[in-house]
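Peer 1: Need coordinates for the below:
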Amino acid sequence: MINLFAFLVEKLSLLCKVRVLFLGSAHARERPAAPPPPPLLRRGDLLEVPRTLFTHFGVYLGDGRVAHLIPDILPALTADRRRLASAVSNARLIAGCLCRRASVRVDTLEDFAYGSRILVDRGGEEAGEVAARRAELSLGGFPYSLLWNNCEHFVTRCRYGRGVSRQTERFCENVKRLIRDQRSVLVTAIIGIFSVLFCGPVASTTLPTILIPFTLWMAG
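Peer 2: Numbers count the residues shown, from 1 in each chain. Predicted coordinates:
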């Protein structure tokens with residue numbers, strides 16, 4: 001049943017031409033070229049790997065192992081540790097995003113980097129040990145939210161005891177700037193008028209034409 005579910009999700013992702021590399025999946029079938037060697041790492045270092053649109057984060061545990069949070073549907077479907085430890089496929093990753101489920105897992109440094117260069121955020125030795133222990137205690141299924149509980153929230157929670165995400169903050173600032181731009185009101189009003197002209201003055205087109213520009217106007 002699980003395999004059938006993963007198969008259907010994978011086919012849907014191919015149909016929609018969804019690209020998920022930026023989400024931090026470290027387990028595609030074909031690996032890219034090996035990344036440049038990382039600097040000397042210490043237990044508890046926070047690691048950053050640039051992706052296409054986002055940056056993926058993890059906590060270095062030592063011995064070439066990294067704990068990181070990654071979207072994964074499987075923890076919601078089974079408790080079999082052997083299956084959970086297998087490579088996270090794109091189908092599992094997409095389904096995890098849609099169902100807002102993830103897992104904190106340990107992978108090799110190579111799998112975590114996925115061919116990209118590694119940036120290191122190094123804290124003190126004591127803070128590093130605290131971060132590593134918190135990461136190890138968090139292994140397993142986890143709730144997930146792209147904006148409010150992502151991989152960056154996980155690593156900052158391990159180090160500071162409170163999850164924050166600079167990526168989320170930048171995204172929200174951009175959305176706020178877009179809403180405050182009065183040109184958004186004009187654009188949505190024009191789109192709404194055209195939808196009314198082409199689809200007719202029905203509730204499904206008229207109400208959004210009025211409410212969306214009005215809401216943006218008041219929010220600005």
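Peer 1: CA only for contacts and neighbour counts going forward, please
Peer 2: Noted.
Peer 1: tell me the helices in the protein, going along the chain?
Peer 2: With DSSP state H as the criterion, the chain has helices at 2-15, 81-84, 90-99, 109-113, 125-137, 151-160, 166-180, 183-199, 203-219.
Peer 1: tell me the average confidence for the last one?
Peer 2: Mean pLDDT, computed over helix 203-219, is 72.
Peer 1: Please tell me I have it right and residue 184 contacts residue 178.
Peer 2: Yes. At 7.0 Å, residue 184 and residue 178 qualify as touching, with contact defined as C-alpha atoms under 8 Å.
Peer 1: Between these two, which has more neighbouring residues?
Peer 2: Neighbour tally, residue 184 and residue 178, criterion other C-alpha atoms under 10 Å: the higher count belongs to residue 184, 17 against 14.
Peer 1: quick one, domains of the protein?
Peer 2: If the domains of the chain are taken from automatic domain parsing, they occupy 2-165, 181-219, with pieces of a single domain joined by a plus sign.
Peer 1: wait, doesn't residue 44 sit right on residue 58?
Peer 2: No. Taking C-alpha under 8 Å as the contact criterion, residue 44 and residue 58 are not neighbours in contact, 9.5 Å apart.
Peer 1: okay, and for this protein, where does confidence drop off?
Peer 2: Under the criterion pLDDT under 70, the flagged ranges of the chain are 1-39, 216-220.
Peer 1: How about the contacts made by the residue nearest to residue 141 when sequence neighbours are not counted?
Peer 2: Beyond its immediate neighbours in the sequence, the residue positioned closest to residue 141 (C-alpha to C-alpha, 6 or more residues apart in numbering) is residue 103, lying 4.4 Å away. Shown in contact with residue 103 (C-alpha atoms under 8 Å, 6 or more residues apart in numbering): 69, 70, 71, 72, 75, 139, 140, 141, 142.
Peer 1: partners of residue 103 in the sheet?
Peer 2: Beta bridges link residue 103 to residue 70, residue 141, judged by DSSP bridges.
Peer 1: Redo the helices of the chain as a markdown table? Include distance to residue 63.
Peer 2: Rendered in a markdown table, the data for the helices of the chain read as follows (distance: least, C-alpha to C-alpha, whole Å):
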| stretch | distance to residue 63 |
| --- | --- |
| helix 2-15 | 32 |
| helix 81-84 | 21 |
| helix 90-99 | 26 |
| helix 109-113 | 9 |
| helix 125-137 | 12 |
| helix 151-160 | 18 |
| helix 166-180 | 28 |
| helix 183-199 | 51 |
| helix 203-219 | 51 |
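Peer 1: Just say which of the ones you listed is most tucked in.
Peer 2: For these, average neighbour numbers computed from mean count of other C-alpha atoms under 10 Å are highest in helix 151-160, which has a mean of 23.
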